[in-house]
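Trainee: With the input below, show me the fold.
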Amino acid sequence: MGDSKESTTSEDDLGNRLRLLRELKGYSQRELAGKTGVSNATISMIESNKTSPSIGLLKNILDGMSISMADFFSLPVEAGEKVFFSAGELVEIAGGKISYLLVGSGIENRTMQILLERYAVGADTGENFLSHDAQEGGIILRGHLEVTVGTQRRVLGPGDAYYFDSRLPHRFRAIGNNEVESVSVCSPTSF
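Mentor: Numbers count the residues shown, from 1 in each chain. Below you'll find the model as predicted:
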C-alpha cells in the first residue's frame with residue numbers, strides 16, 4: 001500500500017502544481033485551452049490527476065503560460081504550503097509595551113518578515129538606535145508613531161508610511177495618548 005501511495009504523489013503534485021500555476025497566472029481552464037490548443041477537458045483531467053500528460057503536451061501547456069519546464073518543477077507551489085493565517089496564528093515575538101506579531105513564523109526559508117506592531121502609549125524602542133542589514137517599510141494603521149532614521153525624524157499618522165535602509169540607525173516611539181498600530185515588512189528577516 002505504501003508504494004502505491006508514493007507512486008501517485010508525483011502525479012498528484014503535477015496536477016495540483018499545474019492548477020495552482022494556472023490560477024496564479026489568472027487563466028481559467030478555457031482561457032488556457034484557447035492559448036495552447038489543448039482541450040479544456042484535457043487540462044481539467046490533468047489538473048484532477050485523471051491523466052498524466054506526455055512531456056510534449058506538458059511543454060505545450062507551459063509554453064502557453066510562458067514558463068519553462070525547469071521553472072515549473074522548481075516553483076514552490078506545493079499543495080500543503082500554508083498561505084493564510086488567522087489572527088490567532090500570528091506569533092508574538094516581543095511583549096510588553098511593544099508587541100510584534102509575526103506572520104508566517106513556520107514558513108521555511110522566509111526571506112521577508114511581516115509584523116503587526118502595537119506600541120502602548122509612550123512606548124519606545126529605546127535611546128540606543130536599532131541597526132541591521134536589511135530594508136524595511138511600514139504603514140501606520142492608527143495612532144501616531146515618531147520614526148527617526150539617521151538625522152531624519154517625522155511623526156507619522158494613519159495612512160502614512162516609511163521605507164528605509166535598516167543599516168541606518170533608527171528608532172520608533174509612540175506619540176500622543178493612543179496606542180499605535182502598524183504593519184511593517186523587513187527583508188531579509190531580522191526575527
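
Trainee: if I pick Phe72, what's in contact with it?
Mentor: For Phe72, the contacting residues are 17, 21, 58, 62, by CB atoms under 8 Å, 6 or more residues apart in numbering. Placement of C-beta: from N, CA and C, glycine included.

Trainee: now, the most widely separated pair of the residues you listed?
Mentor: Leu21 and Leu58 (11.4 Å; CB to CB).

Trainee: picking up where we left off before, got the contacts of Phe72 as a markdown table, with secondary structure columns?
Mentor: Formatted as a markdown table, the entries for these read as follows, by DSSP: H, G, I helix; E, B strand; the rest coil:
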| residue | secondary structure |
| --- | --- |
| Arg17 | helix |
| Leu21 | helix |
| Leu58 | helix |
| Leu62 | helix |
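
Trainee: Mind putting these into CSV with pLDDT, neighbour count and distance to Thr125?
Mentor: Supplementary listing: the contacts of Phe72 in CSV, determined by pLDDT from 0 to 100; neighbours: other CB atoms under 10 Å; distance: CB to CB, whole Å:
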residue, pLDDT, neighbour count, distance to Thr125
Arg17, 85, 18, 43
Leu21, 85, 19, 41
Leu58, 92, 18, 52
Leu62, 92, 18, 48
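
Trainee: and these as JSON lines, adding distance to Glu117?
Mentor: Conversion of those to JSON lines gives the following (distance: CB to CB, whole Å):
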{"residue": "Arg17", "distance to Glu117": "35"}
{"residue": "Leu21", "distance to Glu117": "34"}
{"residue": "Leu58", "distance to Glu117": "45"}
{"residue": "Leu62", "distance to Glu117": "41"}
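
Trainee: could you pull out the strands for the protein?
Mentor: For the chain, the strands identified by DSSP state E occupy 91-94, 98-103, 113-119, 135-142, 144-149, 152-156, 161-165, 170-175, 180-187, in order along the chain.

Trainee: Take those strands and write them to CSV, including mean neighbour count and distance to Gln29.
Mentor: Written out in CSV, the entries for the strands of the chain read as follows (neighbours: other CB atoms under 10 Å; distance: least, CB to CB, whole Å):
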stretch, mean neighbour count, distance to Gln29
strand 91-94, 13, 38
strand 98-103, 18, 32
strand 113-119, 20, 32
strand 135-142, 17, 37
strand 144-149, 19, 47
strand 152-156, 13, 46
strand 161-165, 14, 39
strand 170-175, 19, 48
strand 180-187, 18, 34
